[in-house]
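Participant: turn this into a structure:
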Amino acid sequence: MTADVDVINRHIFSKGNIQASPAEIQQLNSKPPVPFKASYLTGPVDAGYRVFLTGYASKLLMSEKKLEFGRLLERSINSLRSNPRPTDGYLKKGTVDTRILDSNAFSIWYKVHSGQILIYNIEPKESVQTNRDKLEKPDVYKVIRNSQGNWESSGRVSSVNTSYAAVNGQSNNLAKATWLMGAHLDFEFGKGNIKEYTLFHNPSVGFKGDTWNRYRINLVRQLMLQKNSASCCRMRR
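Facilitator: Just a heads-up that it's a prediction; the model follows:
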């Protein structure tokens with residue numbers, strides 16, 4: 001199935017709640033779409049429409065399969081094989097060929113053409129995402145630039161041992177804060193100059209202001225700030 005990747009990317013960037021950096025989404029979607037097969041099915045699947053996922057949608061599906069609604073999401077996607085235009089789906093406003101399937105927990109963005117379906121975005125419903133964000137607590141993470149040049153968390157840390165650090169002060173969840181604060185650092189200090197940084201994560205919802213204030217105080221105590229710009233700073237060694 002052919003699709004204009006640039007159009008898809010622009011649509012995700014302008015209308016979606018992206019869970020990866022724009023650069024990573026472009027990298028993922030530059031690869032050929034992958035065929036979908038639900039993990040609970042055995043044997044070949046020949047009947048109905050063929051379903052494909054872009055690289056970004058495939059990444060989202062793999063992440064969701066590890067979480068509580070993974071099987072529900074797979075069943076929703078698999079249902080498109082027999083009914084690509086379900087009654088609980090609709091044509092997305094402002095588009096001519098993008099359809100939305102609203103399941104109980106997700107909105108699935110896709111196109112239909114010549115007996116094939118291309119899924120290019122999967123978003124948790126606002127209530128699902130809010131409940132997940134409430135589980136996040138103020139914490140400190142080490143973030144590294146991976147082999148593809150994208151930022152990813154390598155886990156929690158108890159001390160700062162990187163030359164750069166950033167405070168997520170915009171109430172983003174961890175997934176977005178990881179790449180967004182990395183982008184701020186790249187802009188401030190030059191992309192390619194930074195391979196890792198420490199993220200002081202401010203969760204979106206579900207924490208007390210006093211708790212976060214204590215984290216901010218600890219950050220100031222540890223960093224010995226040399227330069228401060230947009231919540232990004234370089235540490236004095």
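Participant: residues in contact with the residue positioned nearest the centre of the chain?
Facilitator: Residue closest to the average C-alpha location in the chain (CA atoms, centre = their mean): residue 19, at 1.5 Å. Residue 19 sits next to 60, 63, 175-176 when contact means CB atoms under 8 Å, 6 or more residues apart in numbering. All C-beta atoms are positioned from the backbone trio N, CA, C, and that covers glycine.
Participant: just the buried ones from those residues, in PyMOL syntax?
Facilitator: Here is the PyMOL command that picks out the buried ones among the contacts of residue 19, judged by 16 or more other CB atoms under 10 Å:
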select buried, resi 60+175+176
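Participant: okay, and the beta partners of the residue nearest to residue 35 when sequence neighbours are not counted?
Facilitator: Sequence neighbours aside, residue 52 is the residue nearest to residue 35 in space, at 5.7 Å (criterion: CB to CB, 6 or more residues apart in numbering). Counting by DSSP bridges, residue 52 is bridged to residue 35, residue 118.
Participant: so where's this structure uncertain?
Facilitator: Residue ranges of the chain with pLDDT under 70: 1-3, 45-46, 169-171, 204-237.
Participant: and it, what are its domains?
Facilitator: Listed domain ranges for the chain are 5-128, 136-235 (source: automatic domain parsing).
Participant: please compute how far the first one lies from its chain's middle.
Facilitator: Relative to the mean C-alpha coordinate of its chain, domain 5-128 is positioned 14 Å out (CA atoms, centre = their mean, to the nearest Å).
Participant: what's the end-to-end length of it?
Facilitator: Start-to-end span of domain 5-128 (CA to CA, to the nearest Å) is 28 Å.
Participant: would you list the phi and psi of residue 5?
Facilitator: Residue 5 adopts backbone torsions of phi -60, psi -40, taken as degrees, to the nearest 10.
Participant: from residue 106, how far out is it?
Facilitator: Taking CB to CB, to the nearest Å as the measure, residue 5 falls 22 Å from residue 106.
Participant: go on, residue 149?
Facilitator: Going from residue 149 to residue 106 by CB to CB gives 29 Å.
Participant: who's more crowded, residue 5 and residue 106?
Facilitator: More neighbours surround residue 106 than the other of residue 5 and residue 106, with 19 against 16 (other CB atoms under 10 Å).
Participant: in the protein, which spans are helices?
Facilitator: In the chain, the helices defined using DSSP state H lie at 5-15, 22-29, 55-64, 70-79, 126-134, 174-189, 209-223.
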